[in-house]
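Participant: please work out how this folds:
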Amino acid sequence: LIKNHGRDYNISTIYCHGHDTRINRSVLGYGTKEYNVYLVDSSMLSVWQIKKDKYCQPVNFVELDSVTGTVSSVFTALVIGFGETGRDMLRFLYEFSSFIKETKPGVDGIDDVVEQDKKIYVADKHLGELKTKFLVNAPALIGDNSIEWLDSTTHDMPFWNTMKEIIDSLNYVVVAVDNDEEAAFIAMQVFDFAHRYRRDLSRFKIYVRLRDERNKRLMEQMKKYKTKVNGKETIVVESFGTDKYVFEYLNLRNVRVEKEVTDFEGEYDKISRKISKSVPKDDSKKEDLDEVSEEFKEYYQKEQNRSNVCHVYTKLALAGVADGEDEAKREHMVAVIDRDENNEYPQLVSAVDKALFCNLAYCEHVRWNAKMKLVGFVYGEKSMKRKTHNTLLTCNDLIRSEHPYVRETLRYDKGVVELTFRESLCL
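Facilitator: Modelled structure (predicted):
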């Protein structure tokens with residue numbers, strides 16, 4: 001239709017509703033290059049609404065130490081409904097709940113980095129086929145103990161038996177079923193269960209996707225979902241992802257522009273090029289990329305940049321400088337992480353500053369690892385075709401690698417932390 005009739009109707013920009021998959025991206029690219037055709041993924045945009053809201057990020061639901069940038073509690077979440085929105089929410093939570101528990105001197109004199117655990121439960125009545133569909137595209141997550149699959153729903157007692165076991169440690173519930181009425185009912189059930197069995201409702205939230213704006217307004221008017229937490233009135237149940245939000249002009253425009261992502265990419269490229277001058281070269285065999293691999297490379301790099309923009313708040317919160325909380329500390333960190341021409345940090349002399357900076361870099365690496373797994377990578381010799389990468393390692397294995405170019409890639413994670421402190425692009 002676009003190819004044959006685009007000129008007849010003077011079409012310049014076209015938005016196509018569909019899930020952001022390789023097949024859809026390829027189809028839209030075929031025969032439509034002379035037009036501006038953009039894929040509108042409503043589930044991705046609804047999750048983007050949550051991801052962009054700094055107060056919805058997992059870092060707000062854990063016990064953190066802003067002196068060291070570490071997290072002492074386990075982030076625990078539950079996703080009810082594993083359709084497109086549920087899968088996108090799992091991706092977001094899995095990536096953004098990647099934290100460092102502690103760093104201590106190892107027996108070899110190198111940091112011993114302990115990554116914090118996380119636990120995400122996924123429940124759906126059609127879990128078998130949906131789980132397979134998800135894991136075939138993310139094989140590194142097969143057998144990952146941080147995800148527990150519940151082949152039951154709120155209509156089954158095994159679900160509520162599990163809920164009773166985890167309710168007091170649960171931080172984050174996402175209700176992502178297709179029907180608004182069912183979604184609202186499940187949210188009510190979970191709220192009532194939490195209100196009955198939890199010690200309190202601090203660090204606990206329920207996010208429910210409601211597509212109809214009228215249902216959203218109705219839920220907002222229900223005062224029972226507002227309760228006092230630590231003396232403050234707090235909304236425990238919040239809706240997201242209405243069709244009005246997803247398809248409003250500013251969000252469609254963001255699909256086209258993604259200015260924050262482009263800005264971040266440009267600033268990080270400057271840092272990356274400087275770091276590359278002093279980092280040992282990767283001796284992996286250079287791979288000739290075909291069209292499919294080139295397209296995938298562009299996609300995964302864009303996804304990493306999207307995540308980095310939204311992850312700015314998480315890093316600042318870990319450092320205790322989000323929302324202008326301690327501007328003096330932020331300015332101090334900007335000064336001491338001023339990299340010289342040899343890519344060293346001569347002003348970074350305090351043990352406290354070093355620990356914070358390194359822990360934030362380790363956190364960035366585990367976030368990067370999580371994202372790589374989610375887009376399909378596994379560990380191996382670097383290959384875009386096979387989706388393998390030689391730095392997809394734990395922090396401890398990375399900094400102890402026998403290959404200098406692998407060990408030194410942590411410098412790039414430090415570069416992301418530098419940019420976080422200097423630019424705070426997404427805030």
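
Participant: could you list the low-confidence segments of the chain?
Facilitator: Residue ranges of the chain with pLDDT under 70: 1-40, 221-226, 228-229, 249-257, 424-427.

Participant: where along the stretch 301-427 of the chain do the helices fall?
Facilitator: 327-336, 351-374, 395-399, 404-407, 410-423 (DSSP state H, counting those that start in this stretch).

Participant: please tabulate those in JSON lines, including the columns mean neighbour count and distance to residue 235.
Facilitator: In short, each C-beta sits where N, CA and C put it, glycine included. Output for these, formatted as JSON lines (neighbours: other Cβ atoms under 10 Å; distance: least, Cβ to Cβ, whole Å):
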{"stretch": "helix 327-336", "mean neighbour count": "15", "distance to residue 235": "28"}
{"stretch": "helix 351-374", "mean neighbour count": "22", "distance to residue 235": "28"}
{"stretch": "helix 395-399", "mean neighbour count": "19", "distance to residue 235": "36"}
{"stretch": "helix 404-407", "mean neighbour count": "16", "distance to residue 235": "46"}
{"stretch": "helix 410-423", "mean neighbour count": "21", "distance to residue 235": "29"}
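
Participant: could you export stretch 261-274 as CSV, CA atoms only?
Facilitator: Taking Å, rounded to 0.1, in the frame of the first residue of the first chain, the C-alpha atoms of stretch 261-274 are listed here in CSV:
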residue,chain,number,x,y,z
VAL,A,261,19.5,8.6,23.1
THR,A,262,21.2,10.4,20.3
ASP,A,263,22.7,12.9,22.6
PHE,A,264,24.0,10.2,25.0
GLU,A,265,25.4,8.2,22.1
GLY,A,266,27.3,11.2,20.7
GLU,A,267,28.8,12.2,24.1
TYR,A,268,29.8,8.6,24.9
ASP,A,269,31.4,8.1,21.5
LYS,A,270,33.7,11.0,22.3
ILE,A,271,34.7,9.3,25.6
SER,A,272,35.0,5.9,24.0
ARG,A,273,37.3,7.1,21.2
LYS,A,274,39.7,8.6,23.8
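
Participant: of all the helices of the stretch 301-427 of the chain, which one is nearest residue 105?
Facilitator: helix 351-374 (11.0 Å; Cβ to Cβ).

Participant: any chance of the helices of the stretch 301-427 of the chain in CSV with distance to residue 298 as columns?
Facilitator: Output for the helices of the stretch 301-427 of the chain, formatted as CSV (distance: least, Cβ to Cβ, whole Å):
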stretch, distance to residue 298
helix 327-336, 32
helix 351-374, 15
helix 395-399, 25
helix 404-407, 23
helix 410-423, 19
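
Participant: residue 146: which of these is closest?
Facilitator: Closest to residue 146 of the helices of the stretch 301-427 of the chain, according to Cβ to Cβ: helix 351-374, at 9.5 Å.

Participant: other SSEs contacting the closest one?
Facilitator: helix 84-96, strand 100-105, strand 111-115, helix 291-319, helix 327-336, helix 395-399, helix 410-423 (3 or more Cβ pairs under 8 Å, 6 or more residues apart in numbering; DSSP states H and E).

Participant: ok, now with 6 Å
Facilitator: For helix 351-374, the elements it packs on are helix 84-96, strand 100-105, helix 291-319, helix 410-423, judged by 3 or more Cβ pairs under 6 Å, 6 or more residues apart in numbering; DSSP states H and E.

Participant: just send the ones you listed back as CSV, with distance to residue 147 too.
Facilitator: Listed next are these as CSV, based on distance: least, Cβ to Cβ, whole Å:
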stretch, distance to residue 147
helix 84-96, 7
strand 100-105, 19
helix 291-319, 18
helix 410-423, 24
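
Participant: quick revisit: for residue 48, find the nearest of the helices of the stretch 301-427 of the chain.
Facilitator: Of these, nearest to residue 48 by Cβ to Cβ is helix 351-374, at 14.9 Å.

Participant: how close does the residue nearest to residue 389 when sequence neighbours are not counted get to residue 141?
Facilitator: The spatial neighbour of residue 389 that comes closest, neighbours along the chain excluded (Cβ to Cβ, 6 or more residues apart in numbering), is residue 377 at 5.1 Å. Using Cβ to Cβ, to the nearest Å, residue 377 is found at 11 Å from residue 141.

Participant: for these two, indicate the residue with more neighbours.
Facilitator: Higher neighbour count among residue 377 and residue 141: residue 377, with 22 against 18, using other Cβ atoms under 10 Å.

Participant: phi and psi next, for the more buried one.
Facilitator: Main-chain torsions, residue 377, degrees, to the nearest 10: phi -80, psi 150.

Participant: list the contacts of it.
Facilitator: For residue 377, the contacting residues are 387, 389, 392, by Cβ atoms under 6 Å, 6 or more residues apart in numbering.

Participant: got it, and residue 267?
Facilitator: residue 419.

Participant: list the buried ones in stretch 334-348?
Facilitator: 336-337, 339, 343, 345, 348 (16 or more other Cβ atoms under 10 Å).

Participant: pick out the most distant pair among these.
Facilitator: Top of the distance list for the buried residues of stretch 334-348 (Cβ to Cβ): 336 and 343, 15.0 Å.

Participant: on that earlier part again, quick check, nearest of the buried residues of stretch 334-348 to residue 415?
Facilitator: residue 339 (8.1 Å).

Participant: distance of the closest one relative to residue 100?
Facilitator: Applying Cβ to Cβ to residue 339 and residue 100 gives a distance of 22 Å.

Participant: ditto for residue 58
Facilitator: 14 Å.

Participant: still on that earlier bit, residue 73: which of the buried residues of stretch 334-348 is nearest?
Facilitator: residue 337 (27.4 Å).

Participant: list the contacts of the closest one.
Facilitator: 345, 357, 418.

Participant: could you dump the residues you listed to a markdown table with distance to residue 177?
Facilitator: What follows is the contacts of residue 337, written out as a markdown table (distance: Cβ to Cβ, whole Å):
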| residue | distance to residue 177 |
| --- | --- |
| 345 | 49 |
| 357 | 43 |
| 418 | 42 |
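
Participant: returning to what we had before: export the buried residues of stretch 334-348 as a markdown table, with columns for distance to residue 81.
Facilitator: Below are the buried residues of stretch 334-348 laid out as a markdown table (distance: Cβ to Cβ, whole Å):
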| residue | distance to residue 81 |
| --- | --- |
| 336 | 46 |
| 337 | 42 |
| 339 | 45 |
| 343 | 46 |
| 345 | 46 |
| 348 | 46 |
